[in-house]
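S.K.: Need a 3D model of the sequence below.
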Amino acid sequence: MVCHFIGAQQRVSAACVLGATALALGCSSANGGSGSGPTDGGSSEAGASTPRHLTGLASGNWIESLAYSPDGSELWAASEATVGGSTGETMGWTVSGGAMVASSMGPSWSVAVAPTGSDLAVGGPAVTVVEPHGTSLQSVMTLMGASGAVGYSHDGKWVAAAAPATCEVIVYSTADGSVVSHVAHPTVTNERIWRVTFSADDSMLATASGQNGLGSPHGSTYVWKTSDWSQLTQITCTTFDAAFSSDGTQLALACWVDAKIITVSGWSVAHDIELPYAGNAMGVAFSPDGSKLAVGVFEGGALVYSSKDASTLATLTDATFTTMTPTVKGLAFSPDGTAIAGGGWDDSIIRVWTGGF
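M.R.: Numbering: from 1, shown residues only. Down below sits the predicted model:
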């Protein structure tokens, strides 16, 4: 395999796929600031919405990933100043009051919270395990260089991280940082591994990649069996996000042109969810009980569907966002299922919708 590194560029219009051009780490293969409190907000009804706002990220930062703490008391965001930019920030807020918990400067492409809630894994110019010290994040362990995505196993024993330089995902032990396994995830030029995520019982690891700028759509999701790290399946689609349901029976993918719900037994497509307007799927998150699927949309807010029959349950927008409906890529359900947080690329604001879904 030969890896390619191409330059950074910016999104130019709604018609562009994630921007005119972007920093991309790809591999040729045969397969081709300080925080401030939230604004006042109400509950989200199906249709027009008035979410709470969590602010404090620098203007222009694109929010790529969101993660709640296990007890739901904190919400963390990974952001970068445009895709592939050289600046950005990791920041956390208290959910109840919206006060900043801690932050760290530098582009971050993914953030995950340890099951204990004490540490975070951050993917960016380096993959680091960090913990809050005062209002800063202090490094506990550096695992490797640049990564597109990071994810904890649910038992807290592993951290999986994309390694674009070697076209793979590496699984590390959280005990000592040793390498547990390498799984090959071939990518092509102008493609990023956006998400790595474990099933709730940690028996499976999904790794998802999609294009990182203009060009013909390309990307794949691989699923691996963690008992021996063998490949279970490959699903071809331009994947910007992936999530397992809590019972492990379904895998949701944000495939840009649509969102898919995959039945894990047999790996068949249970539902192709076509978005109702000119939006494109960028983020997915199951509710904790697995009954609902939230889909983050390019310039379309977020949509909530029944995971059983893909019927639409709610459309989450923001009446205060007057230019167009905000883009939502980073997406997360609260642990109790009562709130959906969405962060996008339009105004560096995290929106938290409650009720109405």
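
S.K.: ok, the closest residue to Y152 other than its chain neighbours - contacts?
M.R.: Here the nearest residue to Y152 in space, its sequence neighbours aside, is A112; by CB to CB, 6 or more residues apart in numbering that works out to 4.9 Å. For the C-beta atoms, the positions are set from N, CA and C on the backbone; glycine is no exception. Contacts for A112 (CB atoms under 8 Å, 6 or more residues apart in numbering) come out as S65, A67, L120, A121, V150, G151, Y152, V159.

S.K.: can you count the residues close to N190?
M.R.: Residues lying near N190 (other CB atoms under 10 Å) number 21.

S.K.: Wait, it touches N212, no?
M.R.: Yes. Contact criterion CB atoms under 8 Å: N190 and N212 qualify, at 5.4 Å.

S.K.: Next, give phi and psi for the residue nearest to Y152.
M.R.: When read as degrees, to the nearest 10, the backbone of A112 gives phi -140, psi 140.

S.K.: Which strand residues bridge it?
M.R.: In this structure, A112 has beta-bridge partners A121, where bridges are defined by DSSP bridges.

S.K.: Output whichever strand or helix holds I261 as PDB, nothing but the C-alphas.
M.R.: I261 belongs to strand 259-263 when assigned by DSSP states H and E. Presented in PDB, the C-alpha positions along strand 259-263 are these (Å, rounded to 0.1, in the frame of the first residue of the first chain):
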ATOM      1  CA  ALA A 259     -28.600   6.600   6.200                       C
ATOM      2  CA  LYS A 260     -28.700   2.900   6.500                       C
ATOM      3  CA  ILE A 261     -29.800   0.500   9.200                       C
ATOM      4  CA  ILE A 262     -28.000  -2.800   8.800                       C
ATOM      5  CA  THR A 263     -29.200  -6.000  10.400                       C
END
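
S.K.: Could you pull out the buried residues of that strand?
M.R.: Applying a neighbour-count criterion of 16 or more other CB atoms under 10 Å, one finds A259, K260, I261, I262 buried in strand 259-263.

S.K.: same question, stretch 152-166
M.R.: Judged by neighbour count using 16+ other CB under 10 Å, the buried positions of stretch 152-166 are Y152, S153, W158, V159, A160, A161, A162, A163, P164, T166.

S.K.: correct me, but T197 touches G151?
M.R.: Yes. Contact between T197 and G151 holds when scored by CB under 8 Å: they sit 5.0 Å apart.

S.K.: Between these two, point out the one with more neighbours.
M.R.: When T197 and G151 are compared for neighbours, G151 comes out ahead with 27 against 21, by other CB under 10 Å.

S.K.: All the helices of this structure, in order from the start?
M.R.: Per DSSP state H, the chain has no helices. Nothing in it meets that criterion.

S.K.: quick one: least confident helix or strand in it?
M.R.: Evaluated with mean pLDDT, DSSP states H and E, the helix-and-strand set of the chain has its lowest mean pLDDT in strand 2-6, which scores a mean of 29.

S.K.: So which bits of stretch 203-215 are buried?
M.R.: Neighbour-count burial for stretch 203-215 flags M204, L205, A206, T207, A208, S209, G210, Q211, N212, G213, L214 (criterion: 16+ other CB under 10 Å).

S.K.: Same check on stretch 129-141?
M.R.: Buried residues in stretch 129-141, defined by neighbour count with 16+ other CB under 10 Å: V129, V130, P132, L137.

S.K.: Identify the residues contacting the nearest residue to A163 once chain neighbours are set aside.
M.R.: Once flanking residues are discounted, A163 sits nearest to I170: 5.1 Å by CB to CB, 6+ apart. With contacts defined as CB under 8 Å, 6+ apart, I170 is in contact with L143, M144, A160, A161, A163, V179, S181, H182.

S.K.: Same question for F298.
M.R.: A14, G279, N280, A281, M282, T327.

S.K.: thinking T90 is in contact with P125, fair?
M.R.: No. Using CB under 8 Å, T90 and P125 do not qualify as a contacting pair, with a distance of 11.7 Å.

S.K.: T312 contacts V304, correct?
M.R.: Yes. T312 sits in contact with V304 when judged by CB under 8 Å, with a separation of 7.4 Å.

S.K.: ok, how many other residues are close to the residue nearest to S230 when sequence neighbours are not counted?
M.R.: Closest residue to S230 in three dimensions, ignoring its sequence neighbours and counting by CB to CB, 6+ apart: W224, at 6.9 Å. By the criterion of other CB under 10 Å, W224 has 25 neighbours.
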